[in-house]
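In: Got a sequence here, can you build the structure:
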Amino acid sequence: QVQVAESGGGLVQAGGSLRLSCAASGRTLAGYPMGWFRQAPGKERESVAAINWNGGTTYYTDSVKGRFTISRDNAKNTVYLQMNSLKPEDTAVYYCALADKYFGQASYSTTFYDYWGQGTQVTVSS
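Out: I've put the predicted structure just below:
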């Protein structure tokens, strides 16, 4: 059974940094596209960043470009989201997701992904 799990969330002041991690069990992440999403209270889940199967292509939503970086370490079976210059509007539950599409490209769409973590809370205080 494939499972993904996020870690690294917490409370940080505006301007601070956090690094989220997403680890997989039951299968290797290598060769599969991954995505990070977030959902704030009362809002729909939105794409934050995505990375293709080998890390060669990444995508970011406009609001995080230049501040967030998605990366993957296949040897550690982990995907990361480095978040710098955090803003209060970044406050949300952050989810990672794995698409069961070997050698697949990255995607913003929630329906593209097959396995989701339980989420980790990120709170940015002003």
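In: C-alpha from now on. contacts and neighbour counts both.
Out: Noted.
In: Give me the residue at the spatial middle of this protein.
Out: Centroid-nearest residue in the chain, with C-alpha atoms, centre = their mean: W36, separated by 2.3 Å.
In: residues in contact with that one?
Out: Neighbouring residues of W36 by C-alpha atoms under 8 Å, 6 or more residues apart in numbering: 47-50, 81, 94-97.
In: now it, nearest residue through space, not along the chain?
Out: The shortest distance from W36 to any non-neighbouring residue, by C-alpha to C-alpha, 6 or more residues apart in numbering, is to C96 (4.5 Å).
In: Quick check, pLDDT for the one you found.
Out: Note on C96: pLDDT of 97.
In: does it really touch Q39, like I thought?
Out: No: counting by C-alpha atoms under 8 Å, C96 sits too far from Q39 to count as a contact (11.5 Å).
In: who has more neighbours, these two?
Out: C96 (31 against 19; other C-alpha atoms under 10 Å).
In: Return the list of strands paired to the helix or strand containing the more buried one, each annotated with direction.
Out: If you go by DSSP states H and E, C96 is part of strand 92-98. Sheet pairing here is set by DSSP bridges, and for strand 92-98 it gives strand 34-39 (antiparallel), strand 115-116 (antiparallel), strand 120-125 (antiparallel).
In: Provide the contact partners of that strand at residue level.
Out: Outside strand 92-98, the residues that touch it by C-alpha under 8 Å, 6+ apart are 4-6, 22, 29, 32-41, 113-123.
In: on that earlier part again, for the contacts of W36, which one is nearest L11?
Out: Y94 (13.0 Å; C-alpha to C-alpha).
In: Tell me the predicted confidence for the residue lying closest to the closest one once chain neighbours are set aside.
Out: Spatial nearest neighbour of Y94, excluding adjacent residues (C-alpha to C-alpha, 6+ apart): R38 at 4.3 Å. pLDDT, R38: 98.
In: residue contacts, R38?
Out: By C-alpha under 8 Å, 6+ apart, the contact set of R38 is 45-48, 92-95.
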